[in-house]
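# Pasting a predicted model and its sequence here:
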Amino acid sequence: MHLDFQAIVETNQDRVRNTCFRFVNNLEDAEDIAQEVFVQVYESFSHFREEAELSTWIYRIAVNKSLDFLRKSKRKKRFGQMVSLFGFGEEEEEIRIPSSSNPQRELEDDERKQILYMIIRKLPENQQTALTLSKLEGFNNKEVSKIMEMSLSAVEALMFRAKKNLEKKLRSYFEKEKT
């Protein structure tokens, strides 16, 4: 396979950066990690097996680099008052948090997102990865299975457990905030 590195970067950089951001929740860190991803892609390209799609391989590197970053930094962030989280249901395919032109509403939406990301980060790592890729990044289960190198049925079971754990943790969080 011919390496047109510039084209690879241009085609994948936004989604790689967004994927990293979903894990680390900091734009500067996400940009740094994305750069590391493309350095590894460049250095490891000779080892790329064309068994998987190039983009799948790149996102696998992005997820691994993001998780490595989180393991190393173990940052903990505190968030203010509780606000209700809405838009997440069993039947929905993606987590949707509405936006509006109202500044107060946008602030509340940002707080909801922060709470959601905080709680997702409390899930077991494999559930966190599957949920982030599927619900926040929009990959389908087949794509998630390739990125995570798991069978489709394993990803489906993992997603089921992740949704149940997320729901349980959200309920617990909001119940604590009410008292």
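Received the coordinates, thanks. Numbers count the residues shown, from 1 in each chain.
# Now the element after the helix or strand of the chain with the lowest mean pLDDT, going C-ward?
Across the helices and strands of the chain, mean confidence by mean pLDDT, DSSP states H and E is lowest for helix 103-120: a mean of 75. From helix 103-120 onward toward the C-terminus, using DSSP states H and E, the following helix or strand is helix 125-131.
# How far away from the center of its chain is the very next helix or strand once past that following helix?
Tracing the chain past helix 125-131, the next element assigned as helix or strand by DSSP H and E is helix 141-148. Computed by Cα atoms, centre = their mean, to the nearest Å, the chain-centroid distance of helix 141-148 equals 13 Å.
# List the single closest residue to the residue nearest in space to the middle of the chain in space, sequence neighbours excluded.
Computing the C-alpha centroid of the chain and ranking residues by Cα atoms, centre = their mean puts Thr132 first, at 3.2 Å. Leaving aside its chain neighbours, Thr132 sits nearest to Arg22 (5.0 Å; criterion: Cβ to Cβ, 6 or more residues apart in numbering). (C-beta placed from N, C-alpha, C; glycine too.)
# Report all helices and strands that the host helix or strand of the one you found contacts.
Here Arg22 sits within helix 5-24, counting by DSSP H and E. Here helix 5-24 touches helix 27-44, helix 54-73, going by 3 or more Cβ pairs under 8 Å, 6 or more residues apart in numbering; DSSP states H and E.
# Just the buried residues of the first one, please?
If I follow you right, that is helix 27-44. Burial within helix 27-44, assessed by neighbour count using 16 or more other Cβ atoms under 10 Å, is assigned to Asp29, Ala30, Asp32, Ile33, Ala34, Gln35, Glu36, Val37, Phe38, Val41.
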